[in-house]
Structure formats: structure tokens, C-alpha cells
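Participant: Here's my sequence, what's the structure:
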Amino acid sequence: MSADDLTPPEAARWAARSGLPLAPERHAGVAATAEHIHSVVSVLRELDFGDTPPSAAYRAGGEQHHGTV
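Facilitator: Predicted coordinates for the structure are as follows:
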């Protein structure tokens, strides 16, 4: 367990600070879920989007469909 891991008491404290008090039996599950979400987001932060335009540049309905089914 690294120093960055979220402990169940910390998860309960952060939830309470956010106005979402947790029952004691949920602390461990919430901490594990938060750690999983953090690990997924960490991977996404490492992706190189290069020349990908921002989402504001996308116009729905303007796609060109070139394939056949």
C-alpha cells in the first residue's frame, strides 16, 4: 500500500466534507472504488491526444460515413 492510497477513514472524512456521510460498513468499499477511479484517470492523463481537436470543435451530424455494412 503506497502513501497515496486512500484509506477507509479518509474516504469517510472526504465524503462527510462533501455532505455525503457514509455508514461505517461502506467506508472500505468507497475507498476501494475511489482508488480504482483514480487509477483509471491516471492512465487517461498519460495519453497523448496530439492533434485531437477539443470537443467544442465537434459538430453532430457532420460525419461522413464511408464504410458499408
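Participant: Next, count neighbours for residue 48.
Facilitator: Counted with other CB atoms under 10 Å, the neighbours of residue 48 add up to 6. Bear in mind the C-beta positions are built from the backbone N, C-alpha and C, glycine included.
Participant: mind checking the SS state of it?
Facilitator: Assigned by DSSP: H, G, I helix; E, B strand; the rest coil, the conformation of residue 48 is coil.
Participant: quick one, what contacts it?
Facilitator: For residue 48, the contact set (CB atoms under 8 Å, 6 or more residues apart in numbering) is empty.
Participant: all helices for this protein, in order.
Facilitator: With DSSP state H as the criterion, the chain has helices at 8-17, 27-45.
Participant: nearest to residue 53, of these?
Facilitator: Nearest to residue 53 among the helices of the chain is helix 27-45; the distance by CB to CB comes to 17.6 Å.
Participant: Now do that closest one and helix 8-17, the angle between them.
Facilitator: On the basis of axes from the mean of the first three to the mean of the last three CA atoms, to 10 degrees, helix 27-45 is oriented at 80 degrees to helix 8-17.
Participant: returning to what we had before: looking at the helices of the chain, spot the one closest to residue 54.
Facilitator: Of the helices of the chain, nearest to residue 54 by CB to CB is helix 27-45, at 15.6 Å.
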